[in-house]
Structure formats: C-alpha cells, structure tokens
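Asks: just the structure for this:
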Amino acid sequence: MIRPFVLMAGLFACMAVAQAAASDEAEVRKAEAGWAEAVKSRDQAKLDGILGAGLVYTHSTGIVDGKAEYLAKLKSGAQRYDGLETSDMVIHMYGDTAVVTAKIHMTGATKGVPFNDKLLYTHVWVKQGGRWLLVAHQTTKTQ
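Replies: Numbering: from 1, shown residues only. Sure thing, here's the model as predicted:
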C-alpha cells in the first residue's frame, strides 16, 4: 500500500514544480514587458530596479555598457529608443535563472543618429530577493 502513496506524492511534487516554472515564466514575461516600457519611456527609477548591479549590456554595434553607463546614456539622451516590438519570444527556465531569446524591431537614435534595426536578442534574468533582474543583454543585427 505504500507504493500508491509514493506515486501520488511524486505526482503532486511534479505538478507543483511545473506550476512554479509556469509562474516564473509568466513573471519573466512581465519583466520583459516592464523593461521594454521603461526603456521607451526613459524611466530611470524603474530601470534601476530592473537592471542587475552587474549588468552586461552588449549593443548590436559591439559596444558594451555596465548598468551605470547604460543608464547615463538613456538619461542624457545619447541613447534613445522610440519603438520596441518583440516577437517569437522563447523563455528557458533554469531554476532562478531565465534565458530569453526573441526578435525585436528597435527604432530610436544613438548620439543623434537615427536607427531602425531588426535584431535578435538574448536576455539573462536572475531572480534575487523575489525579483527578476536583467543581468545580461545582447543584440545581433538580422535581416
């Protein structure tokens, strides 16, 4: 009689893990949307809470910024995003880490020079203190 109990306990444990993963994935999707909105609106306070302290932000140009440099560029207007449209987003969960890949169409300007780029991007999110923080961003130009 112990075997059916063990099987049921295992089944419930698997269901709980699957529900937690689905919940985390939904939180990461929400974090992605929050990042896009904060970048477009240049919301420094919101971005400060979204970006991890050790952020590595690699632009499609090959320029790499840390958190302070990236926020300073947005604040000064040296980096401006007017439009961000994502598609084909895929989220892979690894415990308290999420790797997000997607296509993105970004418009804006860098140092006053307009851009209209179609890109692939990878984001790495880490859950710390109950919040999802963006710790790595990398874009690659595509057609």
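Asks: what does the one helix or strand residue 54 maps to rub up against?
Replies: Element membership for residue 54 (DSSP states H and E) is strand 51-58. By C-beta atoms under 8 Å, 6 or more residues apart in numbering, the residues outside strand 51-58 that reach it are 64-67, 69-71, 126, 128, 133-139. Quick note: C-beta positions are derived from backbone N, CA and C, even for glycine.
Asks: from the chain's centroid, how far away is it?
Replies: 11 Å (C-alpha atoms, centre = their mean, to the nearest Å).
Asks: pull out the buried residues from that strand.
Replies: Within strand 51-58, the residues that qualify as buried are 51, 52, 55, 56, 57, 58, counting by 16 or more other C-beta atoms under 10 Å.
Asks: ok so, going back, restricted to strands, list the contacts of strand 51-58.
Replies: The members of the contacts of strand 51-58 that map onto strands under DSSP state E are 64, 65, 126, 128, 133, 134, 135, 136, 137, 138, 139.
Asks: which of the buried residues of strand 51-58 sits closest to residue 76?
Replies: residue 57 (15.4 Å; C-beta to C-beta).
Asks: so where is this protein shaky, pLDDT-wise?
Replies: Within the chain, the ranges that satisfy pLDDT under 70 run 1-2, 5-22.
Asks: returning to what we had before: among the ones in strands among the contacts of strand 51-58, name the buried ones.
Replies: Buried subset of these (neighbour count, 16+ other C-beta under 10 Å): 65, 126, 133, 134, 135, 136, 137, 138, 139.
Asks: mind listing what the first one touches?
Replies: Applying C-beta under 8 Å, 6+ apart, one finds that residue 65 lies in contact with 55, 57, 59, 73.
Asks: so how far is residue 26 from it?
Replies: Distance, residue 65 to residue 26, using C-beta to C-beta, to the nearest Å: 29 Å.
Asks: the last one now?
Replies: Residue 139 sits at a distance of 24 Å from residue 26 (criterion: C-beta to C-beta).
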